[in-house]
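1. Build me a structure from this.
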Amino acid sequence: MPSAKSLVFLLAASFASFSTLGGCAAEADDEEVDDHEEEPAAQVNDELRSAVSCKERTDTAYRGGTPYSIQVIHVGGKPTTKTTGHAFLKMQAAANADGVRLSLTSGFRTLAEQKHLYNCYTSRSCNSGNLAARPGYSNHQSGLAVDVSTSSWLTRNASRFGFVRTVSKEAWHYEYRGKDPGGPCTRGTSTAAAVGSDTAPSDGSEGTTAPSEATPTAGGLTWVAPAQDSTLGNGFVVKTRATRAGIVKVVYSQGTYDFGTSTKASDDFALGYTFQFMGDKTLTAKGYDANGTLVALDNVDFTLMP
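-> Below is the predicted model:
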C-alpha cells in the first residue's frame with residue numbers, strides 16, 4: 001500500500017499531466033473555433049455601411065500558420081479581399097431590396113492585430129480576455145472570414161451568395177467560398193458585373209450575376225469631379241460627362257448606397273453632396289437612358305479630407 005507521501009506525489013503528477021493535456025486541447029481549440037467574440041453591433045448609417053475604397057494595399061494573410069500575400073480593399077470601413085468585399089456587396093444589395101440592412105463588423109486581421117488579441121487572451125488584461133487564436137491561425141487572417149450583423153435574412157440567404165457559417169457558436173461569423181462576382185473595384189468589366197444593386201438575385205437563385213437587357217462595357221461616362229486619385233475637402237460638387245448619346249440621368253453611389261441623382265446633362269450631371277465620413281473613397285456613376293435602362297458606368301477613386 002503506498003504511503004501518504006506517495007499518494008500526494010501521484011495526485012500532483014496526475015494533476016500536472018491533466019493540466020498539460022488541457023492546455024494542448026485549449027490551444028487546438030483556438031485553431032478550430034477561432035476567436036470568441038461578443039456579437040458585434042450592426043452599423044446603421046447607410047453611408048458608412050456600404051462605403052467602398054478600391055485603393056488596394058498588399059498585406060500578409062495566414063492559413064494554418066503559413067503566410068501568403070493578398071490584396072486588401074475596404075468595404076463598410078472594414079478591410080477585406082476584393083473577392084470577399086464584392087461578394088458581400090452583392091449580398092448587401094439583395095438584403096437592402098428586402099428591407100434588411102446588413103453591415104460588415106469585422107474583416108481581414110493583420111498579424112499585429114492578432115498578436116494584440118492573443119496577448120489580451122493570455123494576459124486577461126484587455127478585450128475582456130476573449131478567446132483568441134494563436135497569431136497565424138485565426139480565420140480572420142485568411143482574407144476569407146468576415147463578421148456580419150446577424151438577422152434571420154442572413155441565416156436564410158447567406159449561402160446563396162457563397163458565404164458559409166464556420167463557427168457554430170458565432171452566428172455572425174462567415175467565410176466566403178466562391179469567385180469574385182464583380183463589383184465597384186472591377187475595372188473594364190460589364191455594367192451588370194460592376195453594379196451590385198442592379199444585378200443581385202431576388203428570386204432565390206444562386207448569387208451570380210443576373211442577365212439584363214443591357215450589359216454594356218464600363219464607360220459612357222467620364223468623371224469630371226472629383227478627378228481620379230485627387231484629394232479634396234468636403235462639400236464639393238460631383239460631376240460626370242456623358243460620352244455616349246442618350247443618357248438622361250446619372251445616379252451617384254458608393255457601394256450599394258445611392259446618395260444622389262442628377263438630370264442636369266448640360267452641367268455634366270452636377271450634384272452637390274457633403275459626406276459624413278472622411279478617408280479613401282470609390283464612387284460609382286450610373287447612367288440611364290430615357291427608358292430607365294442602365295447604359296453607362298464609371299468609377300473614381302479619391303481621398304476626402306476634413
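2. buried residues in stretch 119-129?
-> Within stretch 119-129, the residues that qualify as buried are 120, 121, 127, counting by 16 or more other C-beta atoms under 10 Å. To be clear about C-beta, it is placed using only N, CA and C from the backbone, and glycine gets the same treatment.
3. Can you tell me which of these end up in helices?
-> For the buried residues of stretch 119-129, the ones inside helices are 120, 121, with DSSP state H as the criterion.
4. nearest to residue 100, of the buried residues of stretch 119-129?
-> The nearest member of the buried residues of stretch 119-129 to residue 100, counting by C-beta to C-beta, is residue 127 at 29.1 Å.
5. How is this structure partitioned into domains?
-> Here the chain is described, according to automatic domain parsing, as comprising the domains 46-176, 219-305.
6. could those domains be laid out in JSON lines, adding mean pLDDT and distance to residue 184?
-> Putting the domains of the chain into JSON lines (pLDDT from 0 to 100; distance: least, C-beta to C-beta, whole Å) gives the following:
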{"stretch": "domain 46-176", "mean pLDDT": "93", "distance to residue 184": "5"}
{"stretch": "domain 219-305", "mean pLDDT": "94", "distance to residue 184": "5"}
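7. My read is that residue 111 contacts residue 137, right?
-> No - between residue 111 and residue 137 no contact is recorded; they are 10.9 Å apart, counting by C-beta atoms under 8 Å.
8. between those two, which one's more packed in?
-> Using other C-beta atoms under 10 Å as the criterion, residue 111 and residue 137 rank with residue 137 on top: 22 against 16.
9. Now the more buried one, what are its backbone angles?
-> Note on residue 137: its backbone torsions stand at phi -120, psi 0 [degrees, to the nearest 10].
10. Residue 110 too?
-> The phi and psi values for residue 110, taken as degrees, to the nearest 10, are phi -80, psi 170.
11. residues in contact with it?
-> Residues in contact with residue 110 (C-beta atoms under 8 Å, 6 or more residues apart in numbering) are 59, 60, 141.
12. can you pull the contacts of residue 89?
-> Shown here is residue 89, whose contacts under the criterion C-beta under 8 Å, 6+ apart are 50, 52, 75, 183, 184, 196, 255, 256.
13. What of residue 80?
-> Under the criterion of C-beta under 8 Å, 6+ apart, the contact partners of residue 80 comprise 72, 73, 74, 88, 104, 107, 108, 143, 146.
14. if you set the cut-off to 6 Å instead, what comes out?
-> When the contact criterion is C-beta atoms under 6 Å, 6 or more residues apart in numbering, the partners of residue 80 are 107, 108.
15. Over to residue 302?
-> Remark: with contacts taken as C-beta under 6 Å, 6+ apart, residue 302 is in contact with 226, 230.
16. Would you confirm that residue 237 contacts residue 274?
-> No - contact status for residue 237 versus residue 274: not in contact, 10.6 Å apart, counting by C-beta atoms under 6 Å.
17. what about the two, which has more around it?
-> In this comparison of residue 237 against residue 274, neighbours counted by other C-beta under 10 Å, the higher total goes to residue 237 at 14 against 8.
18. State whether the more buried one is indeed within a strand.
-> Yes - using DSSP: H, G, I helix; E, B strand; the rest coil, the assignment for residue 237 is a strand.
19. Would you quantify the distance from it to residue 61?
-> The span separating residue 237 from residue 61 equals 40 Å under the rule C-beta to C-beta, to the nearest Å.
20. same question, residue 83
-> Between residue 83 and residue 61 the distance, using C-beta to C-beta, works out to 12 Å.
21. ok, back up a step: out of the contacts of residue 110, who's nearest residue 279?
-> Proximity to residue 279 was ranked across the contacts of residue 110 by C-beta to C-beta; first place goes to residue 59, at 17.5 Å.
22. Which neighbours do residue 237 and residue 274 have in common?
-> The contact lists of residue 237 and residue 274 share no entry, where a contact means C-beta under 6 Å, 6+ apart.
23. Give me the number of neighbouring residues for residue 259.
-> If you count neighbours by other C-beta under 10 Å, residue 259 ends up with 17.
24. So it: helix, strand or coil?
-> Going by three-state DSSP, the secondary structure assigned to residue 259 is strand.
25. Do a quick rundown of the strands in the stretch 101-250 of the chain.
-> Ranges of strands in the stretch 101-250 of the chain, per DSSP state E, counting those that start in this stretch, are 104-106, 145-148, 163-165, 173-176, 221-225, 230-233, 236-242, 249-254.
26. any chance of those in a markdown table, with distance to residue 289 too?
-> Shown next, in a markdown table, are those (distance: least, C-beta to C-beta, whole Å):
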| stretch | distance to residue 289 |
| --- | --- |
| strand 104-106 | 34 |
| strand 145-148 | 36 |
| strand 163-165 | 34 |
| strand 173-176 | 34 |
| strand 221-225 | 12 |
| strand 230-233 | 29 |
| strand 236-242 | 10 |
| strand 249-254 | 8 |
